[in-house]
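Chemist: following is a predicted model, sequence given first.
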Amino acid sequence: MSDPPPEGKPLTGADASAWPQDGAFIVEFRPGAAAAPAERLDGRVEHVASGMATLFGSADELLGFVRDVLRSAVRPGARRD
């Protein structure tokens, strides 16, 4: 796997294709998230490859979902929140 690009620089070409989709997530934050403390961070996260999604209410919940999805073998037909 290639090194991440410098901060603020988009991935392009071969760099972008080196990152597998099964490790990709879409994270949406509620308005005001930038000013919220980590223990009150609200939003929604979706695993791109499986479509599994959940709402989160803190940074710990967000990272917990990501960790659980990456650790598990995602099965077709798995429950989606």
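Modeler: Good, I have the coordinates.
Chemist: what's the burial count for P37?
Modeler: Close neighbours of P37, defined as other CB atoms under 10 Å, add up to 8. The way it works is simple: take the backbone N, C-alpha and C, and place the C-beta from them, glycine included.
Chemist: and for R40?
Modeler: By the measure other CB under 10 Å, the count of residues near R40 is 12.
Chemist: now for it: which residues touch it?
Modeler: By CB atoms under 8 Å, 6 or more residues apart in numbering, the residues touching R40 are 57-58.
Chemist: count the residues that sit near A59.
Modeler: Close neighbours of A59, defined as other CB under 10 Å, add up to 14.
Chemist: tell me which residue is most central in the chain.
Modeler: F25 (3.2 Å; CA atoms, centre = their mean).
Chemist: may I ask you to confirm that it is in contact with R44?
Modeler: No: when contacts are counted by CB atoms under 8 Å, F25 is not listed as touching R44 (10.4 Å).
Chemist: and stretch 12-29, average pLDDT?
Modeler: For stretch 12-29, mean pLDDT is 81.
Chemist: now do the end-to-end distance for it.
Modeler: Start-to-end span of stretch 12-29 (CA to CA, to the nearest Å) is 25 Å.
Chemist: pull the distance from that stretch to the chain's centre.
Modeler: How far stretch 12-29 lies from its chain's middle: 10 Å, per CA atoms, centre = their mean, to the nearest Å.
Chemist: and that stretch, which residues are buried?
Modeler: By neighbour count on 16 or more other CB atoms under 10 Å, the buried set for stretch 12-29 is F25.
Chemist: now do the same contact list for the residue nearest to the centre of the chain.
Modeler: Contact analysis of F25 by CB under 8 Å, 6+ apart lists 45-48, 66, 69.
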